[in-house]
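# I need the structure of the sequence given here:
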Amino acid sequence: MERSGLRSHLSGTVSISIALHLAALLLVLIIPLTANMILPDPATHLPEYMRVAPMPPPPPVARVRPPASARTPETAVNPAAAPRTAPTAIHPEIPPPGIPDVGMPPGVGVPDGVGLVVTDRPAVMPLPEPPRQSTPVRVADLPVTPKKIVDARPVYPEIARAARVEGTIIMEAVLDTGGRVTQLRILKSVPMLDQAALDAVRQWRYTPSLYGGHPVSVLMTITIRFTLQ
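Numbering: from 1, shown residues only. The predicted structure is shown next:
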């Protein structure tokens, strides 16, 4: 009996405690939310130096009209530019102004030798000056190559024929103004055949050579080939 009485007493106490806590929560949380709260005006609590006055409205913009006398300058028209519109009529072209005639006779230039001289005579190129005779002229520099007019065939030496020696000899020759061979120098030698080649070339004669209208000596190369039959 005592235990049942104790349980009923405790259950009644817990119920009352829970009811009191719910009532306290309603008073603290729900009732302030439903009440009409009046918020303070922050501007009333600010000092005088922090209050900002509203900006004045902008002044009206006055429209200034340009004077009647001021006009836009007209753009200069280029007569040489292509037209943008088709012309209403075709006008004859005006020839450009030519060089004025100063009345000077042909062939007379500006005084003191300044300017161009107009003449009807064709221009004549001066002939090249003849080279000095201290050195002969190379055959490649002559306008006309000298031609051999006297020939002498070289004699094949018997010792070279017996030894079956063949070869080519190259010589540098100097011709005087009459076309005769005056100097010989061997550039490519074949010892058994050199003398026979020199003896034959010394008998050769060529036509005289002219350079700039004057006779000159000539430097040329001569080649002789020795071949056994």
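# What segments of the chain are strands?
137-138, 148-150, 167-175, 181-188, 205-206, 209-211, 214-216, 218-226 (DSSP state E).
# any chance of those in CSV, plus distance to Ser17?
The way it works is simple: take the backbone N, C-alpha and C, and place the C-beta from them, glycine included. Below are those laid out as CSV (distance: least, Cβ to Cβ, whole Å):
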stretch, distance to Ser17
strand 137-138, 142
strand 148-150, 155
strand 167-175, 144
strand 181-188, 143
strand 205-206, 155
strand 209-211, 148
strand 214-216, 151
strand 218-226, 144
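# between the ones you listed, which gets nearest to Met55?
strand 137-138 (104.7 Å; Cβ to Cβ).
# Relative to that closest one, what are the paired strands and their orientations?
For strand 137-138, the paired strands and their directions (DSSP bridges) read strand 218-226 (parallel).
# all helices of this structure, in order?
2-25, 31-34, 158-162, 194-201 (DSSP state H).
# per-stretch mean pLDDT over these, give me the minimum one.
If you rank the helices of the chain by mean pLDDT, helix 31-34 sits at the bottom with a mean of 64.
# Low-confidence regions, this structure specifically.
1-12, 30-54, 62, 64, 66-80, 83, 95-133 (pLDDT under 70).
# and Gln184, what does it touch?
If you look again at residue 184, you'll see it is Leu, not Gln. Listed by Cβ atoms under 8 Å, 6 or more residues apart in numbering, the contact set of Leu184 reads 171-174, 198, 201-202.
# export those residues to a markdown table and tack on neighbour count?
Shown next, in a markdown table, are these (neighbours: other Cβ atoms under 10 Å):
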| residue | neighbour count |
| --- | --- |
| Met171 | 21 |
| Glu172 | 13 |
| Ala173 | 20 |
| Val174 | 16 |
| Leu198 | 17 |
| Val201 | 17 |
| Arg202 | 13 |
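# Of those residues, which is the nearest to Leu20?
Glu172 (145.9 Å).
# quick one: that closest one from Val14, how far?
Computed with Cβ to Cβ, to the nearest Å, the distance linking Glu172 and Val14 is 147 Å.
# Help me confirm that Thr182 comes into contact with Val174.
Yes: in this structure, Thr182 is within contact of Val174 by Cβ atoms under 8 Å, at 5.4 Å.
# so Thr221 touches Leu175, yeah?
No: with contact defined as Cβ under 8 Å, Thr221 does not reach Leu175; the gap is 11.8 Å.
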